[in-house]
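>>> here is a sequence together with a model predicted from it:
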Amino acid sequence: MEGKTEDKSLTDNAYFDSYEDLEVHRLMLEDAPRTLAYQKAILDNKEFFQGKTVMDVGAGTGILSLFCAQAGASKVYAVEASKLAHVIRKVVDKNKLSHVIEVLHGKAEEVELPECAQVDIIVSEWMGFYLLHESMLDSVIAARDKHLKADGVMLPSKATLYAAACRLPQLHAQQVGFWKDVYGFDMSPFGDLAAECKSGKPEICVISGDDLLSGPVEVTHLDMAWVGLDEIQSITSRRFTCINSVQPELYQGVALWFDCAFDLPVERVVLSTCPRSSPTHWKQTVIVLPTSVPVEEGDIVGWQLRLDQGSRNHRHYQIQLDLLDPDVEEHPVPCACGQVKCVIIAAYLAKEDEEFRASGADIVDIS
């Protein structure tokens, strides 16, 4: 049954209120890979920031605004919708940067800059679990369209969501193994129920790089200079991939993570939440399979993943995963799963592309 339509003002108020919890900000500041990536991207590109006007969307504690001022920005608008805006002003004064940083209390898409000014750079840490959770990207896009100059720069510049087949030994042990021996009794039916309750649902947890059973496949790639709201309201990814584990394993879930790139002229920086990178507060998002599937090296597995922005709460996404039979279901083109027919198609397309480039033909845009 369809629920009541969303009252976005109530949803947003609850969202901004949640960010008045200082422990949330402490967690993010203590996330070294996250904070150091922004610091490096900004301070290693001081020449780029010198004399520029910057907007920090969702300033939080104001740390990114402070980095931008430190890098030589002439003006920084720190935009924060929660009541922490008043505290950021005190931080700015404490650090003697009030001549550079101006704190604006409000939503980035609603605030007005003096004399309708536009900025050279928009910086924001908008990413949520599985990249899109909390839908802060909606506000960043709206702020870009309203406040960024035509030749302005978005930081991060690009974001990519990935997926891979994985095993979940720790989660399985926690949910199922416990019930195998409870004070000497086998209570495994409760373990079966626990596994059933977890199946098909996203779990936020840290998994090891060793738990990945396949290489990553791209779910979606966002160019922050151009991405539109319609592109992030619903995302569907149909993928097949090859198991690369050297020994038989149990395929127990599909792991999601993201990378963000800061494409700047002096130093390019990438913030990764991959299981093989240092852990971040985003961890990984894992969709648990209904049952463990025995797999071995060379097996092809497939799924269709769909992420839909919630109708009752636009800050949440509905995640749906459907497993696909690689021998029956149609593969996308091109497909890098390693199946013979996909290898042949990929080789044919690569040859066509090479011949086209060698011909020197002009690409005509007929859009």
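Thanks, I have the structure now.

>>> can you pull the contacts of Glu218?
Residues touching Glu218, when contacts are defined by CB atoms under 8 Å, 6 or more residues apart in numbering, comprise Thr160, Leu161, Tyr162, Ser237. (Glycine included, C-beta is placed from N, CA and C.)

>>> closest to Gln339 out of those?
Proximity to Gln339 was ranked across the contacts of Glu218 by CB to CB; first place goes to Ser237, at 17.9 Å.

>>> buried residues, the host helix or strand of that closest one. List them.
Using DSSP states H and E, the secondary-structure element containing Ser237 is strand 234-242. Of all the residues in strand 234-242, those buried under the rule 16 or more other CB atoms under 10 Å are Ile235, Ser237, Arg238, Arg239, Phe240, Thr241, Cys242.

>>> what's the separation between the residue lying closest to the third one once chain neighbours are set aside and Ser292?
Ranked by CB to CB, 6 or more residues apart in numbering and with sequence neighbours excluded, the top spatial neighbour of Arg238 is Gln304, at 4.7 Å. Per CB to CB, to the nearest Å, Gln304 is found 20 Å from Ser292.

>>> also Arg268?
Between Arg268 and Ser292 the distance is 40 Å, computed by CB to CB.

>>> then Val140?
As it turns out, when the distance is counted by CB to CB, Val140 lies 39 Å from Ser292.

>>> neighbour count for those two, which is higher?
Val140 (24 against 17; other CB atoms under 10 Å).

>>> quick one: contacts for the more buried one?
So, once contact is read as CB under 8 Å, 6+ apart, Val140 ends up touching Val57, Gly58, Ala108, Ile122, Ser124, Trp126, Met154, Met224.

>>> got it, and Val286?
Taking CB under 8 Å, 6+ apart as the contact definition, Val286 lies against Cys166, Leu168, Leu171, Pro202, Glu203, Ile204, Cys205, Ile207, Gly253, Val254, Ala255, Leu256.

>>> could you rerun that using 7 Å?
With contacts defined as CB atoms under 7 Å, 6 or more residues apart in numbering, the neighbours of Val286 are Cys166, Leu168, Pro202, Glu203, Cys205, Ile207, Gly253, Ala255.

>>> got it, and Ala255?
The contact partners of Ala255, taken as CB under 7 Å, 6+ apart, are Ala163, Ala164, Cys166, Ile207, Leu212, Pro275, Gln284, Val286.
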